[in-house]
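# turn this into a structure:
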Amino acid sequence: MQGGSNAGDGESRPTTEESGDGLLGLLDVIEEQPLSERAAAYTQLHAELSARLEGADAPRHG
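Next comes the predicted model:
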């Protein structure tokens, strides 16, 4: 099975939405929003990416 999380394998794999292509698509969607809404969308994206990067530093068991 490709993409998504497999329960019980202790490892999460990026889905298409979470991959580089998904990120570029998300950036396009944000850019199409009115200027007044973009800052909030970029702030949320930054928080999500920061959380992922911090989680990537955690030791893996396996």
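# now do the helices in the protein.
Secondary structure of the chain, counting by DSSP state H: helices at 20-32, 35-56.
# flag the shaky bits of this structure, pLDDT-wise.
Applying pLDDT under 70 to the chain flags the ranges 1-20, 58-62.
# JSON lines for the helices of the chain, including mean neighbour count?
Where C-beta positions appear, they are placed from N, C-alpha and C, glycine not excepted. Formatted as JSON lines, the helices of the chain follow (neighbours: other C-beta atoms under 10 Å):
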{"stretch": "helix 20-32", "mean neighbour count": "12"}
{"stretch": "helix 35-56", "mean neighbour count": "11"}
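# and residue 50, what does it touch?
Going by C-beta atoms under 8 Å, 6 or more residues apart in numbering, residue 50 touches no other residue.
# start at 47 instead
Taking 47 as the first residue, the last one we looked at is residue 96.
# any idea how far residue 78 is from it?
Using C-beta to C-beta, to the nearest Å, we find residue 96 at a distance of 24 Å from residue 78.
# one more: residue 86?
Going from residue 86 to residue 78 by C-beta to C-beta gives 14 Å.
# go on, residue 95?
Residue 95 is 20 Å from residue 78, by C-beta to C-beta.
# now swap in residue 68 and tell me
Separation of residue 68 from residue 78 (C-beta to C-beta): 16 Å.
# same thing with residue 94?
Computed as C-beta to C-beta, the residue 94 to residue 78 distance reads 19 Å.
# swap in residue 100?
For residue 100 relative to residue 78 (C-beta to C-beta), the value is 29 Å.
# and for residue 85?
Separation of residue 85 from residue 78 (C-beta to C-beta) stands at 15 Å.
# same question, residue 88
Residue 88 sits 13 Å away from residue 78, going by C-beta to C-beta.
# and what of residue 92?
In this view, residue 92 and residue 78 are 18 Å apart by C-beta to C-beta.
# again, but for residue 102
Counting by C-beta to C-beta, the separation of residue 102 from residue 78 is 29 Å.
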